[in-house]
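Engineer: After the sequence you'll find the predicted model.
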Amino acid sequence: MTEPSRNRSYVSAQRVAERAGVSRSAVSRTFTDGASVSETTRIKVLKAAEELGYHVNHLARGLINEQSNIVCIVAADMAHPFQSRMLELLTDKLQILEKVSLVINTGGESESVSNALRQTLHYRADATVVLSGSPAISLIDTCLANGQNVILINRNEQFEGVKKVIVNNDAAGKEAFALLRRAGCKRLAIISSQAGTSSLVGREDAFLNAARAGGIEATVTRAGPTTYQSGIDAARLLLSRSERPDAAFCVTDLLALGFMDAARHEFGLSIPQDLCVIGFDDIEQAGWESYNLTTFKQPVEQMADHIVSLLTDVNALTPQEEIKVFEVQPVWRRSVRPR
């Protein structure tokens with residue numbers, strides 16, 4: 001008969017051993033992968049454990065081996081479709097591998113963020129994955145100072161001993177310019193964000209440099225944070241001018257969607273006949289019929305697989321800098337005139 005639930009939090013391996021009539025070490029071997037234990041003993045232990053409501057304390061066991069199996073994921077702007085997709089993939093893949101994801105939202109108050117980060121250090125997370133460009137450099141320094149393995153996604157800052165997973169923003173910026181020029185566009189605009197992260201700035205600079213090399217001076221508009229509303233605000237700023245751009249490279253799809261909606265519904269422009277638009281990320285909404293946005297696809301699945309491989313390969317988490325660069329792929333839809 002199962003004991004009252006109020007006692008379950010106090011169940012120890014010793015009590016399971018006593019109930020099953022076996023040694024304490026037999027209980028430990030039963031719940032250790034690959035350990036030798038007879039089938040008869042295993043059945044007795046599992047039956048006793050179920051009756052008592054016993055669960056193995058994996059955290060305590062891991063700390064004995066200096067491994068907690070906790071992965072801290074530091075993120076901001078988690079409602080952004082690209083961020084939420086990456087977070088979904090990482091947590092799902094880590095869960096399959098029986099690792100615990102501890103997510104810190106750095107979009108809140110700085111004090112609460114610092115407190116949350118301290119908790120990860122108390123729990124001795126095996127590694128910290130910095131999911132975006134927003135979390136402060138000081139948070140990364142804190143992780144490194146406490147001996148954590150750190151993996152940065154789409155960040156180019158110089159840190160000693162971190163792993164970086166980035167996409168080739170330079171190639172994408174150049175290709176975006178080439179696509180718009182082949183479409184016959186001459187007045188080019190860049191729609192960016194005030195966030196100023198290294199990945200967004202990298203896309204801006206690559207497009208600007210390619211345009212200058214082609215004899216065109218593109219304009220840059222940063223109307224606010226990296227949001228749909230900022231795309232709308234940028235359109236209002238640019239398209240109300242007497243000399244409107246005839247093309248826009250938006251450094252994220254979310255900015256592009258807002259820009260497109262304002263262009264069509266507030267200014268009566270037709271896309272792509274009056275205005276060509278290119279985005280970046282290939283979020284789900286970019287493929288919706290209302291947008292059909294030409295964009296660049298970040299290989300999120302492959303990036304997540306690589307990050308997980310770093311977290312599960314002990315040799316991969318040595319304290320030395322390593323950069324893995326993924327190529328982005330242009331996704332041709334109907335927001336740019338045919339080539």
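Structural biologist: Structure's in. What do you need?

Engineer: Please count neighbours and contacts with C-alpha atoms only from this point.
Structural biologist: Noted.

Engineer: in the stretch 51-200 of the chain, which spans are strands?
Structural biologist: Along the stretch 51-200 of the chain, counting by DSSP state E, counting those that start in this stretch, strands occupy 70-75, 100-105, 127-130, 149-153, 163-167, 188-192.

Engineer: got CSV for these, with mean pLDDT, mean neighbour count and distance to residue 249 too?
Structural biologist: Compiled in CSV, the strands of the stretch 51-200 of the chain are given as follows (pLDDT from 0 to 100; neighbours: other CA atoms under 10 Å; distance: least, CA to CA, whole Å):
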stretch, mean pLDDT, mean neighbour count, distance to residue 249
strand 70-75, 84, 23, 25
strand 100-105, 83, 18, 29
strand 127-130, 85, 24, 26
strand 149-153, 86, 23, 22
strand 163-167, 91, 22, 17
strand 188-192, 97, 25, 5
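
Engineer: Please produce TSV containing these, extended by distance to residue 218.
Structural biologist: As requested, the strands of the stretch 51-200 of the chain are arranged in TSV below (distance: least, CA to CA, whole Å):
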stretch	distance to residue 218
strand 70-75	32
strand 100-105	35
strand 127-130	32
strand 149-153	28
strand 163-167	23
strand 188-192	5
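
Engineer: just so I know, which of the ones you listed lies nearest residue 241?
Structural biologist: Between residue 241 and the strands of the stretch 51-200 of the chain, the tightest spacing by CA to CA is seen for strand 188-192, at 12.6 Å.

Engineer: quick one: contacts of that closest one?
Structural biologist: The set of residues external to strand 188-192 that reach it, using CA atoms under 8 Å, 6 or more residues apart in numbering, is 200, 204, 216-223, 226, 231, 234, 245-252, 255-256.

Engineer: Quickly run through the sheet partners of it, with directions.
Structural biologist: Looking at strand 188-192 with DSSP bridges, its partner strands are strand 219-222 (parallel), strand 247-250 (parallel).

Engineer: For the last one, output the C-alpha coordinates as PDB.
Structural biologist: Presented in PDB, the C-alpha positions along strand 247-250 are these (Å, rounded to 0.1, in the frame of the first residue of the first chain):
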ATOM      1  CA  ALA A 247      13.500  49.100 -52.000                       C
ATOM      2  CA  ALA A 248      14.100  48.200 -48.300                       C
ATOM      3  CA  PHE A 249      16.400  45.600 -46.700                       C
ATOM      4  CA  CYS A 250      15.000  44.900 -43.300                       C
END
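
Engineer: Now tell me what touches it from outside.
Structural biologist: Outside of strand 247-250, the residues within contact range by CA under 8 Å, 6+ apart are 176-177, 180, 185-192, 256, 275-280.

Engineer: Narrow these to those in helices?
Structural biologist: Cross-referencing those with the helices (criterion: DSSP state H) gives 176, 177, 180, 256 as the overlap.

Engineer: what are the ranges of the helices in the protein?
Structural biologist: According to DSSP H, the chain carries its helices in the segments 13-20, 24-30, 39-52, 58-64, 81-96, 110-122, 137-145, 169-182, 198-213, 228-239, 253-265, 300-312.

Engineer: Please render the ones you listed as JSON lines that adds distance to residue 336 and mean pLDDT to the earlier fields.
Structural biologist: What follows is those, written out as JSON lines (distance: least, CA to CA, whole Å; pLDDT from 0 to 100):
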{"stretch": "helix 13-20", "distance to residue 336": "65", "mean pLDDT": "83"}
{"stretch": "helix 24-30", "distance to residue 336": "62", "mean pLDDT": "80"}
{"stretch": "helix 39-52", "distance to residue 336": "62", "mean pLDDT": "84"}
{"stretch": "helix 58-64", "distance to residue 336": "53", "mean pLDDT": "47"}
{"stretch": "helix 81-96", "distance to residue 336": "22", "mean pLDDT": "91"}
{"stretch": "helix 110-122", "distance to residue 336": "42", "mean pLDDT": "65"}
{"stretch": "helix 137-145", "distance to residue 336": "38", "mean pLDDT": "73"}
{"stretch": "helix 169-182", "distance to residue 336": "7", "mean pLDDT": "95"}
{"stretch": "helix 198-213", "distance to residue 336": "16", "mean pLDDT": "94"}
{"stretch": "helix 228-239", "distance to residue 336": "17", "mean pLDDT": "96"}
{"stretch": "helix 253-265", "distance to residue 336": "12", "mean pLDDT": "97"}
{"stretch": "helix 300-312", "distance to residue 336": "24", "mean pLDDT": "91"}
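
Engineer: so which of these comes closest to residue 290?
Structural biologist: In this view, the helices of the chain are compared for proximity to residue 290 by CA to CA, and helix 253-265 is the closest at 9.3 Å.

Engineer: Okay, buried residues for stretch 70-89 please.
Structural biologist: When burial is assessed from 16 or more other CA atoms under 10 Å, stretch 70-89 yields the following buried residues: 70-78, 81-87, 89.

Engineer: Check stretch 217-231 too.
Structural biologist: When burial is assessed from 16+ other CA under 10 Å, stretch 217-231 yields the following buried residues: 217-218, 220-231.

Engineer: Turn these into a markdown table, columns for distance to residue 266.
Structural biologist: What follows is the buried residues of stretch 217-231, written out as a markdown table (distance: CA to CA, whole Å):
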| residue | distance to residue 266 |
| --- | --- |
| 217 | 26 |
| 218 | 23 |
| 220 | 21 |
| 221 | 18 |
| 222 | 19 |
| 223 | 17 |
| 224 | 19 |
| 225 | 21 |
| 226 | 21 |
| 227 | 18 |
| 228 | 15 |
| 229 | 14 |
| 230 | 15 |
| 231 | 13 |
